[in-house]
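Engineer: this is a predicted model, with the sequence first.
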Number of protein chains: 2
Amino acid sequence: MENKEISQAVIGRLPRYFRFLGELKDEGVERISSQELSDIMNVTASQIRQDFNNFGGFGQQGYGYNVEYLYEEIGRILGLDKTHNLIIIGAGNLGQALANYTNFERRGFLFKGIFDCDPTLYGKKIRSMEVKPMEEMEDFVRANEIDMAVLTIPKTGAVEVAGRLARTGIRGIWNFAHVDLNVPERIQVENVHLSDSLMKLAYNINRFENMDLSGFERGSYV
Amino acid sequence: MENKEISQAVIGRLPRYFRFLGELKDEGVERISSQELSDIMNVTASQIRQDFNNFGGFGQQGYGYNVEYLYEEIGRILGLDKTHNLIIIGAGNLGQALANYTNFERRGFLFKGIFDCDPTLYGKKIRSMEVKPMEEMEDFVRANEIDMAVLTIPKTGAVEVAGRLARTGIRGIWNFAHVDLNVPERIQVENVHLSDSLMKLAYNINRFENMDLSGFERGSYV
DNA sequence: AAGGGAATGTCAATGAATTGACATTATTTT
DNA sequence: AAAATAATGTCAATTCATTGACATTCCCTT
């Protein structure tokens, strides 16, 4: 077995490769070279080859990469050949939005339950689920082989809920709460801090404004 | 003026500093050393000092950093001292969820309009806004000094809309559509690719499963 | 007022990630 | 079947990011 640790920088690029390869596949493209992919994706061909080689060679010298094979392999690396059972904690706007987003299911991410602590929401139907009270969370996780929990609750409750989840044997938390979770290292946490992302955008807008714009005609947009 | 380019690695950490400093400020903490902050945030003290020094010294030798001053300065660097006017394109679940999320306004991000191409949504009230038809987008942007657009539409329409936005003089796009936008470089794009994030989580869960777990008791939680 | 202590700012060293170069190997053409 | 072509896999070089070390500076106590 491959035992060298793959850097998160590489992992972070795999979904994008996966997306482009999926599109190429749908267009009926059978083979592609790292150079062609480089042109389409705006990354260096060298990086593409280096990335793929972390997992062993997927291509053939003189030929390139078989699109479908490469697509399948990357999907497998990402764990998309398995299905994952998810619950959503927090049936607010964001929780409901994610619950209604059907594309996740196509990749094997199945929403099995949604929980909230607001009694007025109990029983509310969201797609095929009904909002359940938080107290039932632990039993539900154990009874339904839940892999991952999506945390879409305010940060005030997030740390406590993460602790409760940790004791159920869950394996991953997709955290939308604006707080750092501290869980045992067997539990993977993927943070989506939307306001951080928005602040980065604000910075970059201001940075561009303050740049030396000689050569640009400021304020003139076609 | 400082003209050296700051790396995106540093910028990406600023919102987290900002969050922790805000919390310390709310707790009434007046001063903090890089070492104390290091302990709280789980990053090295050296990195903290290096990061802050990209923007000139915020601290005082022998004393540390003044929490409130540092908080304000980082906010200023991120452009949070200015207000930003936003529109949301796509009044689906996610667009509505973001529109209803009040915390952005506290940081100066003001939602001014929300647009959709679905006529059945026209006029629907979301907070203080009514959903408007897409045709009115360009005029609205120009008339209301809109800085940023939030793209929460399916990827099929996103590229075209981004092109239209580019011709209005908008300065940033917060892109939730699962596609790469190609806009002039004066327009900053911040991508939030949720499915990419979820795939990364799936990878890390599987990676942990396949790791050599000698020393761990697999399957035993609590 | 002076000296000790504390913590920054900064330089150097290390480590990680990206890019460039090319030998090798497979395919395709003649 | 052999030569030419194409493109990978991989090694080396470079660039970028992080960490470590310490001289300098400022605060605080005596």
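Structural biologist: Arrived safely.

Engineer: neighbours around the residue of chain A found nearest DNA strand D, how many?
Structural biologist: Per Cβ to the nearest atom of the strand, A:Gly57 is where chain A lies closest to DNA strand D, at 2.4 Å. In this view, the C-beta of every residue, glycine as well, is placed from N, C-alpha and C. Counted with other Cβ atoms under 10 Å in any protein chain shown, the neighbours of A:Gly57 add up to 10.

Engineer: quick one: terminal-to-terminal distance for stretch A:149-163?
Structural biologist: Start to finish, the residues bounding stretch A:149-163 are 12 Å apart (Cα to Cα, to the nearest Å).

Engineer: likewise for stretch A:187-200?
Structural biologist: Start-to-end span of stretch A:187-200 (Cα to Cα) is 28 Å.

Engineer: right, is it up against DNA strand D?
Structural biologist: No - using Cβ under 7 Å from any atom of the strand, stretch A:187-200 stays clear of DNA strand D, with a minimum separation of 13.8 Å.

Engineer: average pLDDT across that stretch?
Structural biologist: The average pLDDT within stretch A:187-200 is 98.

Engineer: next one: the residue of chain A closest to DNA strand D relative to A:Arg106, how far apart?
Structural biologist: Distance, A:Gly57 to A:Arg106, by Cβ to Cβ, to the nearest Å: 29 Å.

Engineer: so A:Phe55 touches A:Leu78, yeah?
Structural biologist: No - using Cβ atoms under 8 Å, A:Phe55 is not in contact with A:Leu78, being 10.9 Å away.

Engineer: and those two? which has more neighbours close in?
Structural biologist: A count of neighbours by other Cβ under 10 Å puts A:Leu78 above the other of A:Phe55 and A:Leu78, at 24 against 15.

Engineer: measure A:Arg16 to A:Leu98 for me?
Structural biologist: From A:Arg16 to A:Leu98 the distance is 21 Å (Cβ to Cβ).

Engineer: got it, and A:Pro154?
Structural biologist: Counting by Cβ to Cβ, the separation of A:Pro154 from A:Leu98 is 16 Å.

Engineer: more neighbours: those two, which one.
Structural biologist: Taking other Cβ under 10 Å, A:Pro154 and A:Leu98 do not tie; A:Leu98 has more neighbours (25 against 12).

Engineer: count of residues packed around A:Met134?
Structural biologist: A:Met134: 16 neighbours (other Cβ under 10 Å).

Engineer: list the contacts of it.
Structural biologist: A:Ile89, A:Phe115, A:Asp116, A:Cys117, A:Val161 (Cβ atoms under 8 Å, 6 or more residues apart in numbering or on different chains).

Engineer: right, is the helix or strand that contains A:Ala9 up against DNA strand D?
Structural biologist: Per DSSP states H and E: A:Ala9 is located in helix A:8-26. No - Helix A:8-26 lies out of reach of DNA strand D by Cβ under 7 Å from any atom of the strand, never closer than 9.7 Å.

Engineer: direction included, what does the next helix or strand after that helix pair against?
Structural biologist: Scanning forward in sequence from helix A:8-26 by DSSP H and E, the next helix or strand is strand A:31-32. With DSSP bridges as the test, strand A:31-32 is paired with strand A:64-66 (antiparallel).

Engineer: list of residues touching the strand it pairs with?
Structural biologist: A:Glu30, A:Arg31, A:Ile32, A:Ser33, A:Ser34, A:Glu36, A:Leu37, A:Phe52, A:Phe58, A:Gly59.

Engineer: that one near DNA strand C at all?
Structural biologist: No - counting by Cβ under 7 Å from any atom of the strand, DNA strand C has no neighbours in strand A:64-66; the shortest distance is 8.9 Å.

Engineer: now the helix or strand just after that strand: mean pLDDT?
Structural biologist: Downstream of strand A:64-66, the next assigned helix or strand under DSSP H and E is helix A:67-77. Averaged across helix A:67-77, the pLDDT comes to 96.

Engineer: helix A:67-77 close to chain B?
Structural biologist: Yes - using Cβ under 8 Å from any Cβ of the partner chain, we find that helix A:67-77 touches chain B at A:Ile77.

Engineer: what does that helix contact?
Structural biologist: Residues from elsewhere that reach helix A:67-77 (Cβ under 8 Å, 6+ apart): A:14, A:17-18, A:21-22, A:24-25, A:29-32, A:52, A:55, A:58-59, A:81, B:203.

Engineer: list buried residues within these.
Structural biologist: Buried by 16 or more other Cβ atoms under 10 Å in any protein chain shown: A:Leu14, A:Tyr17, A:Phe18, A:Leu21, A:Leu24, A:Arg31, A:Ile32, A:Phe52, A:Gly59, B:Tyr203, out of the contacts of helix A:67-77.

Engineer: need the contact list for the fifth one.
Structural biologist: The contact partners of A:Leu24, by Cβ under 8 Å, 6+ apart, come to A:Ile32, A:Val67, A:Tyr71.

Engineer: can you give me the neighbour number for the residue of chain A found nearest DNA strand C?
Structural biologist: Relative to DNA strand C, the nearest point of chain A is A:Gly62 (2.6 Å; Cβ to the nearest atom of the strand). Using other Cβ under 10 Å, A:Gly62 is surrounded by 6 other residues.

Engineer: ok, it to A:Arg31 distance?
Structural biologist: As judged by Cβ to Cβ, A:Gly62 and A:Arg31 stand 11 Å apart.

Engineer: before we move on, what about A:Lys82?
Structural biologist: The value you get for A:Lys82 to A:Arg31, if Cβ to Cβ is used, is 28 Å.

Engineer: one step back: wait, does the helix holding A:Ala9 contact DNA strand C?
Structural biologist: Yes - judged by Cβ under 7 Å from any atom of the strand, helix A:8-26 comes into contact with DNA strand C through A:Gln8, A:Ala9, A:Val10.

Engineer: and the residues you listed as TSV, adding pLDDT and neighbour count?
Structural biologist: Below are the residues of helix A:8-26 next to DNA strand C laid out as TSV (pLDDT from 0 to 100; neighbours: other Cβ atoms under 10 Å in any protein chain shown):
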residue	pLDDT	neighbour count
A:Gln8	96	11
A:Ala9	97	9
A:Val10	97	14
